[in-house]
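>>> Coordinates for the following, if possible.
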Amino acid sequence: MITQRLLVDQNDITKTRVHRLPQRALEEGEARLVLETCALTANNVTYAAVGFTTGYWKFFPTGMEGQGLVPVWGVAEVAESRADALPQGTRLYGFYPLAEELIITPQADGHGMIVDAAPHRADLPAVYNRYAPVKRGPTEQEHLRALLQPLLATSYLLFDWLVDHEMFGAEQIVIGSASSKTGLGLCKFLAEPTERAYRVVGLTSSANRDFVTGLNACDEVLDYDQIEQIKQVPSVFVDMAGNGAIKSALHRHLGDNLKHSAAVGMSHWDKFEPGQQLSGPKPQFFFAPAQIAKRREEWGPGAIEARITESWKRIAQSADQWLTIKEHQGIKSAAAVFDTLSQGRANPRDGHVIRM
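A predicted model of the protein is given here:
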């Protein structure tokens, strides 16, 4: 039997190729998961762009120098199992390579989840190693889960982290790349409190400004050429884009009024400028698993997960107003979608799902 995967050049993520290889036999304690569907978004481009610095390339080693597997979120079915913890036919939602199959070493975690106990994943963030058994549901609901659960979970964790830090005393929160699904999710969470001491400012390209404005989640929407119109009051910048020129202009404009600068995504990965000398505070990378770990310690097991689930489902209820699901067939179609996303040519309204 032959299986396929989409390899990404780790030194130039715009270069991809479909690679065919023979299935290997399972060893005792392993299970073969065959991917049914997965989502592709700007978030996956970020995984590739920061793959070395944050370890995303480590989850699914290819055994091929310079070639990586981009992680995706989706659902797979257990096609074959030699592990007591995971019977054949089980469907699992979680973190997968952009490939037709994944072999894991499953262990039950005692809370209804399955953990991949493969040795190479032992030191990687636990949130990515857990898989949730799911029943088959309506296609649209399954697509929404693949597309929005991981992105809106990050949005909620950003919101929770800002609340945890009392918004760093800011009077306005500026979100870069507010048209990204994680960005728009954060805008929506920030806008929910009926009484709040901050304004929500969305930054986006001129082409996407009307789209972001139509979300009604920002007090003000500006395009990247209008940074000097941002009010010079105590502010936090949450950057989903990673664009060096935009970051420099905003830091320079806000100066000492910038109380915190959070680096989250790299949808503009090709315009990233490492080692920038910036006015104001040095950008700090926001790592969602760290906020999960903090809340688990403070609130106990399961509490933060329950809040994330309730929150992303609440925001997703209005998804038909701002999301158009685009379904694509087969691993080969993923190459074209990833190319569109990595080159910044995707329509922010579109949500791409790959059905294997």
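
>>> just the helices in the stretch 1-150 of the chain please.
For the stretch 1-150 of the chain, the helices defined by DSSP state H, counting those that start in this stretch occupy 42-49, 51-54, 139-164.

>>> so can I have CSV of these showing mean neighbour count?
Backbone N, C-alpha and C define where each C-beta goes, glycine included. CSV is the format used below for the helices of the stretch 1-150 of the chain (neighbours: other CB atoms under 10 Å):
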stretch, mean neighbour count
helix 42-49, 25
helix 51-54, 14
helix 139-164, 21
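
>>> so which of the ones you listed gets nearest V337?
helix 42-49 (9.5 Å; CB to CB).

>>> Compare the helices of the stretch 1-150 of the chain and say which comes out lowest on pLDDT.
Lowest mean pLDDT within the helices of the stretch 1-150 of the chain: helix 51-54, a mean of 84.

>>> and V221, what are its bridge partners?
Counting by DSSP bridges, V221 forms beta bridges with G202.

>>> and it, how many neighbours?
Residues near V221, counting by other CB atoms under 10 Å, number 24.

>>> repeat for the one 10 residues further on
As a burial measure, K231 scores 14 neighbours (other CB under 10 Å).

>>> and it, what helix or strand is that in?
K231 is part of no helix or strand, with elements assigned from DSSP states H and E.

>>> ok, it to E166 distance?
Distance, K231 to E166, using CB to CB, to the nearest Å: 20 Å.

>>> coming back round to it: for L124, which of the helices of the stretch 1-150 of the chain is the nearest?
With CB to CB as the criterion, L124 lies closest to helix 51-54 of the helices of the stretch 1-150 of the chain, at 10.1 Å.

>>> what sits up against that closest one?
Q10, W57, G68, V70, F285, F287 (CB atoms under 8 Å, 6 or more residues apart in numbering).

>>> Mark which of those are part of strands, please.
G68, F285 (DSSP state E).

>>> Give the PyMOL command for selecting the buried subset of the contacts of helix 51-54.
The PyMOL command for the buried members of those (criterion: 16 or more other CB atoms under 10 Å) is given here:
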select buried, resi 10+57+68+70
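
>>> So which of the contacts of helix 51-54 is the closest to Y128?
For the contacts of helix 51-54, the nearest to Y128 is F287 (11.5 Å; CB to CB).

>>> Distance-wise, check the nearest residue to that closest one once chain neighbours are set aside relative to D123.
Counting by CB to CB, 6 or more residues apart in numbering, T54 is the residue found nearest to F287 once chain neighbours are left out, at 7.3 Å. For T54, the distance to D123 equals 13 Å [CB to CB].

>>> Could you do G89 as well?
For G89, the distance to D123 equals 31 Å [CB to CB].

>>> With G66 instead?
23 Å.

>>> picking up where we left off before, could you export the helices of the stretch 1-150 of the chain as JSON lines, including distance to R82?
Shown next, in JSON lines, are the helices of the stretch 1-150 of the chain (distance: least, CB to CB, whole Å):
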{"stretch": "helix 42-49", "distance to R82": "30"}
{"stretch": "helix 51-54", "distance to R82": "31"}
{"stretch": "helix 139-164", "distance to R82": "27"}
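
>>> Show me the one of these that comes nearest D109.
Closest among the helices of the stretch 1-150 of the chain, using CB to CB: helix 139-164, at 18.3 Å.

>>> Tell me what angle that closest one forms with helix 42-49.
70 degrees (axes from the mean of the first three to the mean of the last three CA atoms, to 10 degrees).

>>> low-scoring pLDDT stretches of the stretch 1-150 of the chain, where are they?
Judged against pLDDT under 70, the stretch 1-150 of the chain has no low-scoring part.

>>> Which stretches in it count as strands?
With strands called from DSSP state E, counting those that start in this stretch, the stretch 1-150 of the chain shows them at 2-9, 16-22, 31-40, 67-69, 71-81, 91-97, 101-104, 106-108, 114-116, 130-133.

>>> Now the residue nearest the centre of the chain. Nearest residue, chain neighbours left out?
For the chain, the residue nearest the mean C-alpha position is N43 (4.0 Å; CA atoms, centre = their mean). Counting by CB to CB, 6+ apart, the nearest residue to N43 once its immediate chain neighbours are dropped is L151, at 5.7 Å.

>>> can you pull the contacts of the residue lying closest to M1 once chain neighbours are set aside?
The shortest distance from M1 to any non-neighbouring residue, by CB to CB, 6+ apart, is to Q23 (4.4 Å). Contact analysis of Q23 by CB under 8 Å, 6+ apart lists M1, I2, T3, R32, E101.
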